[in-house]
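>>> Need a 3D model of the sequence below.
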Amino acid sequence: MSEILATIGLNGAKFNSPIGWYSEERVFKNNFIVDLNVSFKPTQSFNDDNLEASVDYMLLHQICEEVFKKECKLIETVAQNIINQVIEKIPLVQEVTIQIKKLNPPVKAQIDSSFVQLTFKK
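Next up, the predicted model:
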């Protein structure tokens with residue numbers, strides 16, 4: 001018997017946050033773009049048109065928003081904190097992949113963005 005594995009996510013969610021290794025970055029803030037995907041086996045059919053059969057992407061955004069409000073030095077820490085919140089608040093989730101891009105990182109080179117990507121699997 002086959003099973004459905006559903007993926008819900010956010011692409012291109014933008015945040016301006018006090019995250020960065022250098023103190024100036026935490027004062028002046030940086031711009032970030034988040035792609036977040038969560039996968040799960042639905043516990044009921046999507047034919048019922050019921051949000052409880054799925055993962056609410058607005059909850060995913062709220063989780064990101066709360067984590068990005070906190071001052072932090074490493075993007076890796078932010079990504080891990082988002083994963084921790086997702087698996088705590090949405091036990092149905094079996095896999096989380098998050099990529100956080102830091103726009104215009106403070107390096108002496110022309111770079112559009114740097115990024116961190118983490119994947120969690122149950």
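>>> So, low pLDDT: which residues of the protein?
Of all residues in the chain, those with pLDDT under 70 make up the ranges 1-2.
>>> please redo it, this time with the cut-off set to 90
Applying pLDDT under 90 to the chain picks out residues 1-4, 22, 25, 27, 42-54, 104-110.
>>> which residues does the residue nearest the centre of it contact?
Centrality entry for the chain: nearest residue to the mean C-alpha point is residue 36, 4.1 Å, by Cα atoms, centre = their mean. Under the criterion of Cβ atoms under 8 Å, 6 or more residues apart in numbering, the neighbours of residue 36 are 9, 10, 13, 60, 64, 82, 86, 96, 97, 98, 99. C-betas here are computed from N, CA, C, even on glycine.
>>> For this structure, which segments are assigned as helices?
Remark: helices assigned in the chain by DSSP state H are 23-28, 57-68, 75-89.
>>> Mind listing residues that contact the second one?
The contact list for helix 57-68, computed with Cβ under 8 Å, 6+ apart, reads 8-10, 13, 15, 17, 19, 32, 34, 36, 38, 78, 81-82, 85-86, 89-90.
>>> Filter these down to just the buried residues.
8-10, 13, 15, 17, 19, 32, 34, 36, 38, 78, 81-82, 85-86, 90 (16 or more other Cβ atoms under 10 Å).
>>> So which of these sit within strands?
When DSSP state E defines the strands, the subset of these inside them is 8, 9, 10, 13, 15, 17, 32, 34, 36, 38.
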